[in-house]
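S.K.: Based on what follows, work out the 3D shape:
(one chain, ligands or ions: 1)
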Amino acid sequence: VSQEDIKGIADVIETQEWLTPVADGVQNTVGAIYAAAGPVGQKVKNFLHGTWLGHPLHPAITDVPVGAWTVAAVLDVVDAVQGNNGKNATADGAISIGLVGAVGAAVSGLTDYQGSGSQSPRAGVVHGLLNLVATGLYTYSWILRRRGDRVPARYLAWAGYGLVSLSANIGGELTYSQRIGVDHAQREGLPGEWTAVLPVEDLAENQLKRAEVDGLKVLLVRRGEKILALGEVCSHLGGPLAEGELQDNCVKCPWHGSRFELENGKVVDGPATYPQPKFEVRIQNGQVEIKSTRSKPEDD
Ligand code: FES
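M.R.: Below is the predicted model:
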C-alpha cells in the first residue's frame, strides 16, 4: 500500500460523519475519567502526553508493539516454512511484549486524542479501532499458543499484523499530513536583533497582549517593571495564547488548556509537549523591543 493510497484512505475516513459521535464519545469518556481523578489525573495526563519528554510519548511507545510483532511475524513465517509446529518461546515472547506495549500505546494515544478536542480528525478514531481489533487478534493468538494450537495462532497474528501496519500508516499520515503531534509554535525568522513590537503604553498591567511583527506573533505580559514575552502561537495545535487565561506565573491556552511558564516558556501542563519560544525584552524610546533567546528551556 503506497503513501498515496493511505492518504486516500484517510481522506475517505474524514468524510464519514457517523464517526463524529464515536470520536465525541471517546473524548468525553476519557476526559471524564481524568477529571474525576483531579490533580492526580492531570499528572497522569502530563506523563502520557510526554510533557516531561519534550516531545509526544505516543509515537515512541508504538515502536514497542510494532517492533515486537514484526519479530513474531518473521519467526512465525520461518516456523511455517519449516513445518515447525512446536513451541517457539521467542515468537511467543515477542507477542507478549507487543501486548504490553499495545496497552501503553493505547493509553497514551487515547490521552492525546482526548487532549486535541474538536481538532481531532476522524481518522484518529479509525486508527484506534484498528489497533483495538489487532490487539484482540494478538490476545487470542497468545491464548492459542499457550494451548499449543500454533497454526491458527499464526494466522491470527498475521491478520493482526496487517491491521497494525495499516493503522500505523494512518497514524503516520495524521502526523505528517495533518500535523498532529508536531510542534506548531513559530520558530522560523525569530528576531536575532532588537526589534520594536509595541509602544510600552499599550501594555496594561497583568493582561495578555498580542503583538505582531513581520508575521511573528508575540505574547506580552507586563508585571510592574518587568515585561515577559513568549511566542503567541501555541506549540500544541496553534491556539492563540493571547486569548487564553493568565494564571499566576503561567498562561493557559484557550483551545485545549496547555499551560506554559511565562518566564521561560516551559510546558507546565499538556497536551502540549514542546515549549514556547521565549524572548528577551527591553524598552527603548517608549517601544517594547524583543530579541530571540534560545527557544528550548533546557538549553539554558
Ligand atoms: S492549541 Fe491545544 S493547548 Fe494550545
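S.K.: What residues of stretch 172-182 count as buried?
M.R.: E173, L174, Q178, I180, G181 (16 or more other Cβ atoms under 10 Å). (Each C-beta comes from the backbone N, C-alpha and C, glycine too.)
S.K.: what does it contact?
M.R.: Stretch 172-182 has contacts (Cβ atoms under 8 Å, 6 or more residues apart in numbering) with 3, 6-7, 10, 56, 58-59, 112, 116, 121, 123-124, 127, 237.
S.K.: Neighbours of N28, how many?
M.R.: 11 (other Cβ atoms under 10 Å).
S.K.: now do the one 4 residues further on
M.R.: Here the count is done by other Cβ under 10 Å, and A32 has 12 residues near it.
S.K.: That one sits in which helix or strand?
M.R.: Per DSSP states H and E, A32 falls inside helix 19-36.
S.K.: on contacts alone, who are the packing partners of that helix?
M.R.: Helices and strands touching helix 19-36, by 3 or more Cβ pairs under 8 Å, 6 or more residues apart in numbering; DSSP states H and E, are helix 38-49, helix 89-115, helix 122-147.
S.K.: The host helix or strand of V78 vs helix 89-115, what angle?
M.R.: Using DSSP H and E, V78 sits in helix 58-82. Going by axes from the mean of the first three to the mean of the last three Cα atoms, to 10 degrees, helix 58-82 is angled at 150 degrees with respect to helix 89-115.
S.K.: where does the stretch 151-300 of the chain come near the ligand, residue by residue?
M.R.: Within the stretch 151-300 of the chain, the positions adjacent to the ligand are C234, H236, L237, G238, G239, C253, W255, H256, G257, S258, P271, A272 by Cβ under 6 Å from any ligand atom.
S.K.: Show me what the helix holding V78 is packed up against.
M.R.: Packed next to helix 58-82, using 3+ Cβ pairs under 8 Å, 6+ apart, are helix 89-115, helix 150-176.
S.K.: is any part of the first one close to the ligand?
M.R.: No. Using Cβ under 6 Å from any ligand atom, no contact is recorded between helix 89-115 and the ligand, whose separation bottoms out at 7.2 Å.
S.K.: Against which helices or strands is that helix packed?
M.R.: helix 19-36, helix 38-49, helix 58-82, helix 122-147.
S.K.: what is F279 paired to in the beta sheet?
M.R.: Beta-bridge pairing for F279 (DSSP bridges): A229, S292.
S.K.: So what's the residue count around it?
M.R.: F279, neighbours per other Cβ under 10 Å, totals 26.
S.K.: tell me the contacts of Y161?
M.R.: So Y161 contacts W69, T70, A72, A73, A134 (Cβ under 8 Å, 6+ apart).
S.K.: how much space between the closest residue to the second one other than its chain neighbours and V107?
M.R.: So the one you mean is T70. Spatial nearest neighbour of T70, excluding adjacent residues (Cβ to Cβ, 6 or more residues apart in numbering): Y161 at 7.5 Å. According to Cβ to Cβ, to the nearest Å, Y161 and V107 sit 21 Å apart.
S.K.: what's the answer for P271, then?
M.R.: 14 Å.
S.K.: ditto for R222
M.R.: For R222, the distance to V107 - Cβ to Cβ - is 41 Å.
S.K.: Comparing P271 and V107, which shows the higher neighbour count?
M.R.: The neighbour comparison of P271 against V107 (other Cβ under 10 Å) goes to P271, with 28 against 16.
S.K.: Contact partners for the closest residue to that one other than its chain neighbours?
M.R.: Excluding the flanking residues, the one nearest P271 by Cβ to Cβ, 6+ apart is G115, at 3.1 Å. Shown in contact with G115 (Cβ under 8 Å, 6+ apart): K45, H49, H236, H256, G270, P271.
S.K.: Check A32 too.
M.R.: For A32, counting by Cβ under 8 Å, 6+ apart, there are no contacting residues.
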